[in-house]
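K.L.:
Sequence unavailable; structure follows:
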């Protein structure tokens, strides 16, 4: 077990170096150098430009610049935003709880609806129930979620007035941000109105971000259930005269969920992509919204550092899923 | 009775029979057909030019709403362009985007995958590590970063989407080539003196095609969806190009007053992506007998 863990950790190092190399190369493909990009339309004296280049090390050979960058990244220094002058790390840590809260809600929504959908479709395979559930799932998987979000705003916020259009909480409430998770913070603020406001702000973004994972989970649960329902132990359970619902939920679903859990871990990247679109539509003050803003402001250190942090997050989650899988399934430890 | 009279159905007929059982897949194929007709005949079918601005008809509603007219069946946008004509021309763009992205990443991915499988050793490790690194980045985020750096535009958006979808084809073609390489017919061909290139493209590749075709048809919908998302974020095709995602971006300021500028381009994206997904699912089930029960 220890050897398996060590090998998994060792494999991360080249991936991590590769990821930093890619993010370094991408930023250096920006026409001109970051100093020029930062100056934009403003004119600057050539001597001053050379001085700044020297100060930030852009006159050094590329490989030396990369080594320096790598050293900074390993020390946790991702540079600072050219717009706010805050460190990239500080901005990320401040905004990430909003993204995490939205993602957790979306995943919970996707699991709570997607798993029963998949189970129902598998149990009633080939019936109208199966076709309509799977038709819904493939439609969800094909959804341009940026449009889906705007349509929901149009119907539920603009026409019906049920939910707010954007943000995390109404301006009329102030909640002490000690955890960064609005649902937790407003719970401790003892203000029922603030809680209601926070929940109502979460509903539409949760549904929008959860739509594609929901469709994926429903489809995988169905096919995994179909595999399991053919197994001998299911026939045995049925032959023992157990209630059908018990066979499905206790015997079949428990085993069918293993592939579903694996796929859930691999959804993290797709979820972050979805978060960028969802946060943009709902003006959700999270990491995705921050990255899109950084593009419009030509804030390249933020774009570079933020992208790198998200990639590290994905590496971490993939490692976690691998290790968990190794613990659950000794055969793959090799 | 001669053996020939017991006619075996051809492989194509067998394939069609199992494909046609799947009604969703056939519906997808029909929608794809309609889209191709629209794309080819866009200049004839569209009532107006997609970029002509009718100054007297700003935000005019669809024909069935009060104030709508048959001149603009699905209404007009904020500068008086006919939405239906823009959608029809947008079909052409979406198909071009899907086709170019898939062709590019399928070709490059297959060559890389086969090279990795045949060369083995350092080359294999190097290629697959690079693919792993691309996969670590959320694909939409990486595409956004690439376009943000190369500059917005439809060509750069297509290139970015092709790059982020590359690992899928590379891994798939490498995996299928590896399992084919162990078979006797490959050893026999090699023993007969076939060159490596011949072995790669003439002997092994045709036997790896089924999963690649399925991946390509599903990749078509992913490409259209990602390119539309880039267009929506202002990083893809630029106005006044009638790309569907770009049309949605243009609708952001006034969709709360004029629902039709938002609704129709989105439905166009949804139905197109859905059609390709249904078709791809049907293709997979028909090509892969193991999945059938």
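P.N.:
Nice, I can see it. Computed from a predicted model, the values in this text were never measured in an experiment.
K.L.:
Let me know how buried the residue in the stretch 51-200 of chain B positioned nearest to chain A is, in neighbour terms.
P.N.:
Nearest residue of the stretch 51-200 of chain B to chain A: residue B:140, at 3.3 Å (CB to the nearest CB). Using the backbone N, CA and C atoms, a C-beta is placed for each residue, glycine as well. Using other CB atoms under 10 Å in any protein chain shown, residue B:140 has 25 other residues around it.
K.L.:
Look up how far residue B:273 lies from it.
P.N.:
According to CB to CB, to the nearest Å, residue B:140 stands 14 Å off from residue B:273.
K.L.:
now chain B, which segments are flagged as low pLDDT?
P.N.:
Within chain B, the stretches with pLDDT under 70 are B:1-7, B:289-293.
K.L.:
Tell me who's in contact with the closest residue to residue A:304 other than its chain neighbours.
P.N.:
What sits nearest to residue A:304 in space, not counting adjacent residues and going by CB to CB, 6 or more residues apart in numbering or on different chains, is residue A:27, at 4.8 Å. By CB atoms under 8 Å, 6 or more residues apart in numbering or on different chains, the residues touching residue A:27 are A:34, A:300, A:303-304, B:149.
K.L.:
now residue B:69, what's its secondary structure?
P.N.:
At residue B:69 the chain is in coil, as set by DSSP: H, G, I helix; E, B strand; the rest coil.
K.L.:
quick one: contacts for it?
P.N.:
With contact taken as CB under 8 Å, 6+ apart, residue B:69 is in contact with B:57, B:60, B:63.
K.L.:
Could you double-check that residue A:187 sits in contact with residue A:195?
P.N.:
Yes: under the criterion of CB atoms under 8 Å, residue A:187 makes contact with residue A:195 at 6.4 Å.
K.L.:
Looking at the two, which one has more neighbours?
P.N.:
The residue with more neighbours, out of residue A:187 and residue A:195, is residue A:195; 19 against 16, by other CB under 10 Å.
K.L.:
buried stuff in the helix or strand harbouring residue B:158?
P.N.:
Following DSSP states H and E, one finds residue B:158 within helix B:154-181. Within helix B:154-181, the residues scored as buried using 16 or more other CB atoms under 10 Å in any protein chain shown are B:154, B:156-174, B:176-178, B:180-181.
K.L.:
Please apply the same query to stretch A:105-122.
P.N.:
For stretch A:105-122, by 16+ other CB under 10 Å, it's A:105-107, A:109-111, A:113-115, A:117-122.
K.L.:
Ignoring the adjacent residues along the chain, who's closest to residue A:294?
P.N.:
Leaving aside its chain neighbours, residue A:294 sits nearest to residue A:302 (3.9 Å; criterion: CB to CB, 6+ apart).
K.L.:
Next up, the contacts around that neighbour.
P.N.:
Contacts of residue A:302 (CB under 8 Å, 6+ apart): A:81-83, A:88, A:91, A:290-291, A:294.
K.L.:
same question, residue B:19
P.N.:
Residues in contact with residue B:19 (CB under 8 Å, 6+ apart) are B:25-26, B:282-283, B:285-286.
K.L.:
residues from the stretch 151-300 of chain A in reach of chain B?
P.N.:
In this structure, the stretch 151-300 of chain A approaches chain B at residues A:151, A:154, A:158, A:226, A:269-274, A:276-277, A:280, A:291-292, A:295, judged by CB under 8 Å from any CB of the partner chain.
K.L.:
in which helix or strand would I find the closest residue to residue B:279 other than its chain neighbours?
P.N.:
Nearest in space to residue B:279, with sequence neighbours left out and distances taken as CB to CB, 6+ apart, is residue B:28 at 3.7 Å. Secondary structure assignment for residue B:28, by DSSP H and E: helix B:23-40.
K.L.:
tell me what whatever helix or strand comes next after that helix is packed against?
P.N.:
Counting by DSSP H and E, the next helix or strand C-terminal to helix B:23-40 is helix B:42-45. When contacts are defined as 3 or more CB pairs under 8 Å, 6 or more residues apart in numbering or on different chains; DSSP states H and E, helix B:42-45 packs onto helix B:83-119.
K.L.:
Name the residues of the helix it packs on that come out as buried.
P.N.:
Applying a neighbour-count criterion of 16+ other CB under 10 Å, one finds B:83-95, B:97-98, B:100-102, B:104-106, B:109-118 buried in helix B:83-119.
K.L.:
what does stretch B:266-286 give?
P.N.:
Neighbour counts over stretch B:266-286 (16+ other CB under 10 Å) mark B:266, B:268-286 as buried.
K.L.:
Could you check how far that stretch is from the centre of its chain?
P.N.:
On the basis of CA atoms, centre = their mean, to the nearest Å, stretch B:266-286 is displaced by 10 Å from the centre of the chain it belongs to.
K.L.:
ditto for stretch A:272-290
P.N.:
Between the centre of stretch A:272-290 and the centre of its chain there are 10 Å (CA atoms, centre = their mean).
K.L.:
Check stretch A:61-68 too.
P.N.:
Between the centre of stretch A:61-68 and the centre of its chain there are 31 Å (CA atoms, centre = their mean).
K.L.:
Would you mark the buried spots in that stretch?
P.N.:
Within stretch A:61-68, the residues that count as buried by 16+ other CB under 10 Å are A:65-66.
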